[in-house]
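Colleague: Provided below are the primary sequence and the corresponding predicted coordinates.
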Amino acid sequence: MKKTITARLSVQKESTEQFLIQAKKMVRESNLEEGCITYRLYQEIDVDTEFIFYEEYTNMNAVDAHNSSNHFKEFISLVSSILTSEPVIEVF
């Protein structure tokens with residue numbers, strides 16, 4: 001069954017450019033994964049430090065593979081320290 005994920009992240013203002021560099025890599029690599037239907041990043045219009053990842057996968061196995069990938073682990077490692085709060089993640 002298809003899985004959709006939204007992940008809302010708030011980034012420190014002075015680290016927005018650094019975040020975007022890492023996020024672009026994350027989007028590029030994730031879209032190449034088997035089982036990934038789409039992986040997008042959106043930036044809030046009025047708050048340029050607020051972002052939403054929108055992800056669609058063919059099934060939960062594809063989500064698990066994504067969460068186990070090296071690029072996912074690297075992204076989390078690099079951006080965790082520049083977030084202003086815990087990400088809000090929803091799976092549908």
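Modeller: That came through fine. Residues are numbered from 1 along each chain as shown.
Colleague: residue contacts, the most centrally placed residue in the chain?
Modeller: The residue lying closest to the centre of the chain (CA atoms, centre = their mean) is residue 53, at 4.5 Å. By CB atoms under 8 Å, 6 or more residues apart in numbering, residue 53 lies in contact with 5-7, 9, 23, 26-27, 39-42. Glycine gets a C-beta too; all of them are placed from N, C-alpha and C.
Colleague: Recalculate using a threshold of 10 Å.
Modeller: By CB atoms under 10 Å, 6 or more residues apart in numbering, residue 53 lies in contact with 5-9, 23, 26-27, 30, 39-42, 87, 89.
Colleague: Quick check: the gap between residue 13 and residue 45.
Modeller: Separation of residue 13 from residue 45 (CB to CB, to the nearest Å) stands at 16 Å.
Colleague: Helices of this structure, start to end?
Modeller: Using DSSP state H, the helices of the chain run over 16-31, 60-68, 70-79.
Colleague: And the shortest one, what does it pack against?
Modeller: Taking 3 or more CB pairs under 10 Å, 6 or more residues apart in numbering; DSSP states H and E as the contact definition, the neighbouring helices and strands of helix 60-68 are strand 3-10, strand 36-43, strand 50-57, helix 70-79.
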